[in-house]
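Colleague: sequence and predicted structure are below.
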Amino acid sequence: MGKKCEKIFEKAKENPAGLRFSELKALCFCFGMSLDRRKGSHYIFIRETPFFLLSIQRMKDGKAKPYQVKQLLVFVEENDLVFMAKE
C-alpha cells in the first residue's frame, strides 16, 4: 500500500482538482482515517489522534471536490502524518 499511497498523495499535491473520488477515499485510509458513516452522498471519515473529521462528496464527473482534497492535505502537513501501513 505504501507505493500506492505515495502515488496518490503526490497526485493530490500536484493537482487537487484532478483527483478522483475513489483516490481521495483511498488517501483517507492511507493516513489512518476510518469511514465513520455514510449519509446520502456524504462520506464522513474520522481520525482519533490527532482528531480530524472530514466529509467528502463525489462530483458528477466522478472527481473529488478540490477544497476537500486541500482540507486533507493541510491536515496531513500540519500534523506531519505518515502513511499507516496495512500490508
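Modeller: Cool, the structure landed. Note that the structure is a prediction, hence the values are computed from the model and not measured.

Colleague: could you use CA atoms for every contact and neighbour count after this?
Modeller: Noted.

Colleague: run through who's touching the helix or strand where Leu72 lies.
Modeller: Assigned by DSSP states H and E, Leu72 falls within helix 66-78. The contact list for helix 66-78, computed with Cα atoms under 8 Å, 6 or more residues apart in numbering, reads 12-13, 16-19, 24, 28, 31, 52, 54-56, 82.

Colleague: just among the residues you listed, which is most surrounded?
Modeller: Counting neighbours by other Cα atoms under 10 Å, the top entry in these is Leu24, with 25 neighbours.

Colleague: residues in contact with that residue?
Modeller: Residues in contact with Leu24 (Cα under 8 Å, 6+ apart) are Ala64, Val69.

Colleague: tell me the angle of the helix or strand hosting it relative to helix 66-78?
Modeller: Here Leu24 sits within helix 21-30, counting by DSSP H and E. If you take axes from the mean of the first three to the mean of the last three Cα atoms, to 10 degrees, helix 21-30 sits at 20 degrees to helix 66-78.
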